[in-house]
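> Sequence plus the predicted model coming up.
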Amino acid sequence: MNRQPDGIVRQLKVASRYCPRVILNGRMVMNGFHPHGLASGEVRRPALLILLHWATLIVILLAVGMVFYRETVDDKAQRVLLIALHKSFGLSVALLALARLGVRLLRRPLPPSTEMSPLSRFAAEAAHMALYILLLALPLIGWGLSSANGKPVSLFGLVSLPPLVEPDEDLGDTLAEYHEAAAWLLLGLVAVHAAAALFHHFVRRDRVLRAMLPAWLDARR
């Protein structure tokens, strides 16, 4: 059996004491540094997932903005255009949500951004699940609402979608109520989601928010 000289053994012991090793995403990190420049224990979400996350937020704000701005407009042609844009942005939200789910499935399991208690992790996962359900359900309800009211639905005038249901005034009224309630619920969850991210960033001072920031913005912090 080959034996290492005692001097080398002592050096290795000292090195292991001052250069702790951390396994991050299946890779060894030594001396607090990650091969890609991140400090040990720091996690970043995939770049495509980050892009889709912020694109989803922007499109949600545009969809909501179209509705509120429409309430200030009297011109019929402009109101028709604004509601058409609202529908298109809403459908885009659903497509972005599907893309995000696809990325998550392909890159699973995603490592946690920070250490959390089981209760906190359950709450975070439940909130994410509710967000994805609403991101998919709300545009579908809107599509059904337009169909029930006999209104056409298209994606920015490029792709015309078939009606989901036959014209039905009573159904249209019901779906309108569901659509409005789901919209407010989505906005509420987005606000809670943003507040939680800010809490992690400014109070707990962990990487939950920074893990989802674009690399160029995170590098400036």
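That came in fine, so what should we check first?

> Any regions of the protein where pLDDT drops low?
Applying pLDDT under 70 to the chain flags the ranges 1-42, 218-221.

> Any idea which residue is closest to the centre of it?
His53 (3.9 Å; Cα atoms, centre = their mean).

> now that residue, nearest residue through space, not along the chain?
In space, and not counting its chain neighbours, His53 is closest to Met212: 5.8 Å by Cβ to Cβ, 6 or more residues apart in numbering. Using the backbone N, CA and C atoms, a C-beta is placed for each residue, glycine as well.

> on that earlier part again, ok, now how distant is the residue nearest to the centre of the chain from Asp75?
35 Å (Cβ to Cβ, to the nearest Å).

> And for Ile50?
39 Å.

> more neighbours, these two?
Ile50 (19 against 9; other Cβ atoms under 10 Å).

> ok, and the residue nearest to the centre of the chain, which helix or strand is that part of?
helix 47-70 (DSSP states H and E).

> which helices and strands does that helix pack with?
helix 76-106, helix 169-199 (3 or more Cβ pairs under 8 Å, 6 or more residues apart in numbering; DSSP states H and E).

> Mean neighbour count, those: which tops it?
Among the helices and strands packed on helix 47-70, the stretch with the highest mean neighbour count (mean count of other Cβ atoms under 10 Å) is helix 76-106, at a mean of 17.

> what element comes up after that helix heading to the C-terminus?
Sequence-wise, the next helix or strand downstream of helix 76-106 (DSSP H and E) is helix 118-148.

> How far does that next one sit from its chain's centre?
11 Å (Cα atoms, centre = their mean, to the nearest Å).

> quick check: domain ranges of the protein?
1-42, 47-218 (automatic domain parsing).

> any chance of the helices and strands packed on helix 47-70 in JSON lines, with distance to Pro46 too?
Below are these laid out as JSON lines (distance: least, Cβ to Cβ, whole Å):
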{"stretch": "helix 76-106", "distance to Pro46": "6"}
{"stretch": "helix 169-199", "distance to Pro46": "18"}
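
> The residue nearest to the centre of the chain: what's it in contact with?
Arg45, Arg100, Met212 (Cβ atoms under 8 Å, 6 or more residues apart in numbering).

> out of everything not next to it in sequence, what's closest to the second one?
For Arg100, the nearest residue in space outside its immediate sequence neighbours is Leu52; the separation is 4.7 Å by Cβ to Cβ, 6+ apart.

> can you count the residues close to the one you found?
Count around Leu52 with other Cβ under 10 Å applied: 22.

> Then the one 5 residues further on?
The number of residues packed around Leu57, counting by other Cβ under 10 Å, is 15.

> Quick check: the gap between the nearest residue to it once chain neighbours are set aside and His200.
Leaving aside its chain neighbours, Leu57 sits nearest to Val190 (7.5 Å; criterion: Cβ to Cβ, 6+ apart). Look at Val190 and His200: by Cβ to Cβ, they are 16 Å apart.

> Can you give me the separation between the residue nearest to Leu161 when sequence neighbours are not counted and Val165?
Closest residue to Leu161 apart from its sequence neighbours, by Cβ to Cβ, 6+ apart: Val153 at 4.6 Å. As defined by Cβ to Cβ, Val153 lies at a distance of 12 Å from Val165.
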